[in-house]
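Colleague: Here's my sequence, what's the structure:
(2 chains)
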Number of protein chains: 2
Amino acid sequence: MNAATDARTDAYDVVVLGAGPVGENLADRAAAAGLTTVIVESELVGGECSYWACIPSKALLRPVIARADARRLPGLARAAAGPLDADAVLARRDSYVGGWKDDGQVSWLESAGIDLVRGFGRLDGPRRVAVTEPDGAVRYLTARHAVAVCTGSRAALPGLPGLAETRPWTSREATAAAAVPKRLAVVGGGVVAAEMATAWQGLGSLVTVLVRGSGLLPRLEPFAGELVARALTESGADVRTGTSVTAVRRPVPGGPVTLTLDGREELEVDEVLFATGRAPRTDDIGLETVGLTPGGWLEVDDTCRVRGVDGGWLYAAGDVNHRALLTHQGKYQARIAGAAIGARAAGGAGLDTGPWGAHAATADTAAVPQVVFTDPEVAAVGLTAEQAEAEGRRVRAVDYDLGKVSGSALYADGYRGRARMVVDLDRGHLVGVTFVGPAVGELLHSATVAVVGEVPVERLWHAVPAFPTISEVWLRLLETYRG
Amino acid sequence: MNAATDARTDAYDVVVLGAGPVGENLADRAAAAGLTTVIVESELVGGECSYWACIPSKALLRPVIARADARRLPGLARAAAGPLDADAVLARRDSYVGGWKDDGQVSWLESAGIDLVRGFGRLDGPRRVAVTEPDGAVRYLTARHAVAVCTGSRAALPGLPGLAETRPWTSREATAAAAVPKRLAVVGGGVVAAEMATAWQGLGSLVTVLVRGSGLLPRLEPFAGELVARALTESGADVRTGTSVTAVRRPVPGGPVTLTLDGREELEVDEVLFATGRAPRTDDIGLETVGLTPGGWLEVDDTCRVRGVDGGWLYAAGDVNHRALLTHQGKYQARIAGAAIGARAAGGAGLDTGPWGAHAATADTAAVPQVVFTDPEVAAVGLTAEQAEAEGRRVRAVDYDLGKVSGSALYADGYRGRARMVVDLDRGHLVGVTFVGPAVGELLHSATVAVVGEVPVERLWHAVPAFPTISEVWLRLLETYRG
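Modeller: I've put the predicted structure just below:
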């Protein structure tokens, strides 16, 4: 087949670039609004999250965390004292990513009435997408109402000479690896670094975490990174802060990697994970054909419509708009953007773009939740105390030692954790909450509802936590706030 | 010492009968309002919850549940396949009840400025309490502002001839037992029965549950009891519904117990737990001296003031008022009653008894939360669908299979559970939520905040659950509701 002769054009109401969870949700909402919708994907339908991020990472982490929990319980601790069966954990991970096949996701697209075009999609002028199919053929799609960029992000590697030749792990290899490296260096201090250090240390690697900054999880309340670093250290990992990797080499392919730290010390490991940030997948999607600059994050309004595009037909949801690089938040944006596209296509009368309206991603700025699946878990929503103050809010941060809660102590002997709520004193409700400790992940949504619902502190006194659960920390926080 | 010559009278602002968590909290709030406060206790300061209920039961249950979780995780399952070390679990339980000594609690009373009188307290006319001290001396306390009855409840045994002589277990013995019985019968189908069946089956007993009604946990959504019964059965317990115990005998003290079931079949066990309900501890507290009937539950208003007492000086909080027989809800009532006593003592200007006011236990009727620590856990708040309909509300019950949530599947292979939210269609917010499944206990508070905060369903769409947690069921419930 020849691309030129085979070229054809199909018209849809909505064209979506990228079939990760964000693209899927956006397409679903557009289709539900009665719009004909097509989604373009060059890799696996289901995206990064399903195959190389959230799902496999949590499949690896869960047994590690469950074992840590078991080890804190007399009667079960001895049974859980030994190593995990790493092969069984890796096999479990494989089953959760479906062996890196996307049949199930494709079936879902079909059931939702969404067309799929496999290939690499690029904007080709306003409301038009050119898809290079696997066989090299080019196919054109036009969009009557909207094109949505949901291409996500990729790992950003630092500019170290020769880095590519050492074949370092990124988040993809760290979640997809087929064997446990004996020695693993993790470069970075964010969520991916903290989670993958926890997973592989738990699975039997000797992990060294190399953090350029002063601690782990720098965007969260300071005690989060402190508690995670302490636990990682106690589990046998070596967490080094204020440490930069200045050179890296792997002389023999498949052999050990040598890292130079701060231009002086050397560290030899078997694999090295660079978890040093994300870059938008916008460098090669034809942004230049619609007057935008390739390679940057796409700035959007609260309906996820890209700013500065004539006619307002271009949307961007998920990592690519840089509002909140989290699967669930991207899906939230996708639901809102898909519904907004539908409302605008219907004439715009039903559009509700006020704060917390059906077509405004208000939570992106007010209430982004995040769970870091480390041991202890970190769960946070909304603003940290520092962020709230930087916004000029008059706030009070209220802290409580989670280990002093009966439900925490019963959950695990020696339970260690901390909670903070940030009260906006002028508005009388919470603007941020952070929990750190075993099993706080499921507790987060209580805070998310409180922040999003702008529930007054006085009313929260009537939200009684069941005794004896960890959630009784809510009562302790309120008592501490009352003073 | 002679009781008559030693008799003396001390005057306080507030006299509290019963130093369980409810009495402690009520006294604390009264003292915080500047009122002189004394608390009377005939057993251990800290009460039923600390020594013979919530705390020891959860100390026994937690390793059982953690082992069940571990067994559902490849990589850890084999290590967790064996029996629990029951001696270690029982020793853990002993440590959590402080060896049944109340020194810590007494120190707390002192630090809060609350006087303690050890002895059995009885009302002795209006605003007056007679305390029979351990040595038989009688001491009198008068209350300038209020007497609060926080005497709680005790296990109610059925009227079977000879039952007392068989020395059956009640909730006290079931949580305090020093050894694992080989065969245990559990009579009843409520929370105590379900939890203790789970605990002892997990610790190695062969448990037979004898339920008169059609299933377990009859006051909760029907699927709760069904899922718990199924799991108990799979763990090796024998759950028999529609079965009544018609006779019981233990011919040899310390020997086996024989139960007659429905007048026909016999069942021999080593211990039998009667978890057949609760009775108020009001039969011998002098209610007759203030015009009330001994032995009944005390009816109170939303400030927990007992109805029908001249001068309104008598309060009752906790189990004894029969509003919600749960420690946390009793503590909630205690905080409200203590504050109401303070506000009334100060002249009443600051009293706020409107719905959700600072001095109204509104949640008692609108949003009582409860976690049943079984495997699977049951967590519910507010009204069941049936209860909401019985109240004449126009509601819609929305169900979702918790096992279909990614976070649930990752939490445990073969995760089984269900969620229901009950939407009040006229008010536009939730009035009840039930979760059943592993690890849903900490998820409950999200529902409690939503119900108590009366957060509109439209706003809940902005409360994004972190991916991949079990809390993503919230999104699925909302999607199902949208239909």
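
Colleague: Which stretches in the stretch 301-450 of chain A count as helices?
Modeller: A:327-345, A:363-366, A:385-390, A:406-411, A:444-452 (DSSP state H, counting those that start in this stretch).

Colleague: can you give me how far the first one is from the chain middle?
Modeller: In other words, helix A:327-345. Here helix A:327-345 shows a centroid-to-chain-centroid distance of 18 Å under the convention Cα atoms, centre = their mean, to the nearest Å.

Colleague: Report the beta-bridge partner residues of A:Val147.
Modeller: As for beta bridges, A:Val147 partners with A:Val15, A:Leu314 under DSSP bridges.

Colleague: Contacts only, for it.
Modeller: By Cβ atoms under 8 Å, 6 or more residues apart in numbering or on different chains, A:Val147 lies in contact with A:14-17, A:123, A:127, A:129, A:313-315. In short, each C-beta sits where N, CA and C put it, glycine included.

Colleague: could you redo the last one with a cut-off of 7 Å?
Modeller: A:15, A:123, A:127, A:129, A:313-314 (Cβ atoms under 7 Å, 6 or more residues apart in numbering or on different chains).

Colleague: quick one, strands of the stretch 251-400 of chain A?
Modeller: Using DSSP state E, counting those that start in this stretch, the strands found in the stretch 251-400 of chain A span residues A:257-261, A:265-269, A:271-274, A:278-280, A:314-316, A:369-372, A:377-382, A:395-401.

Colleague: Tabulate those (CSV), appending mean neighbour count.
Modeller: CSV is the format used below for the strands of the stretch 251-400 of chain A (neighbours: other Cβ atoms under 10 Å in any protein chain shown):
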stretch, mean neighbour count
strand A:257-261, 19
strand A:265-269, 14
strand A:271-274, 26
strand A:278-280, 20
strand A:314-316, 29
strand A:369-372, 26
strand A:377-382, 28
strand A:395-401, 18
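
Colleague: so which of those strands gets nearest A:Thr198?
Modeller: A:Thr198 lies closest to strand A:369-372 among these, at 9.0 Å (Cβ to Cβ).

Colleague: can you redo the helices of the stretch 301-450 of chain A as CSV with distance to chain B, mean pLDDT and mean neighbour count?
Modeller: Listed next are the helices of the stretch 301-450 of chain A as CSV, based on distance: least, Cβ to the nearest Cβ, whole Å; pLDDT from 0 to 100; neighbours: other Cβ atoms under 10 Å in any protein chain shown:
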stretch, distance to chain B, mean pLDDT, mean neighbour count
helix A:327-345, 4, 98, 26
helix A:363-366, 5, 97, 20
helix A:385-390, 18, 98, 16
helix A:406-411, 5, 97, 24
helix A:444-452, 4, 98, 29
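
Colleague: Same list (those) but as CSV, adding distance to A:Leu84.
Modeller: Formatted as CSV, the helices of the stretch 301-450 of chain A follow (distance: least, Cβ to Cβ, whole Å):
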stretch, distance to A:Leu84
helix A:327-345, 26
helix A:363-366, 36
helix A:385-390, 37
helix A:406-411, 21
helix A:444-452, 26
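
Colleague: what ranges do the strands span in the stretch 1-150 of chain A?
Modeller: For the stretch 1-150 of chain A, the strands defined by DSSP E, counting those that start in this stretch occupy A:9-17, A:37-41, A:115-118, A:120-123, A:128-132, A:138-149.

Colleague: on that earlier part again, output the strands of the stretch 251-400 of chain A in CSV; the columns should cover mean pLDDT.
Modeller: What follows is the strands of the stretch 251-400 of chain A, written out as CSV (pLDDT from 0 to 100):
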stretch, mean pLDDT
strand A:257-261, 97
strand A:265-269, 97
strand A:271-274, 98
strand A:278-280, 97
strand A:314-316, 98
strand A:369-372, 98
strand A:377-382, 98
strand A:395-401, 98
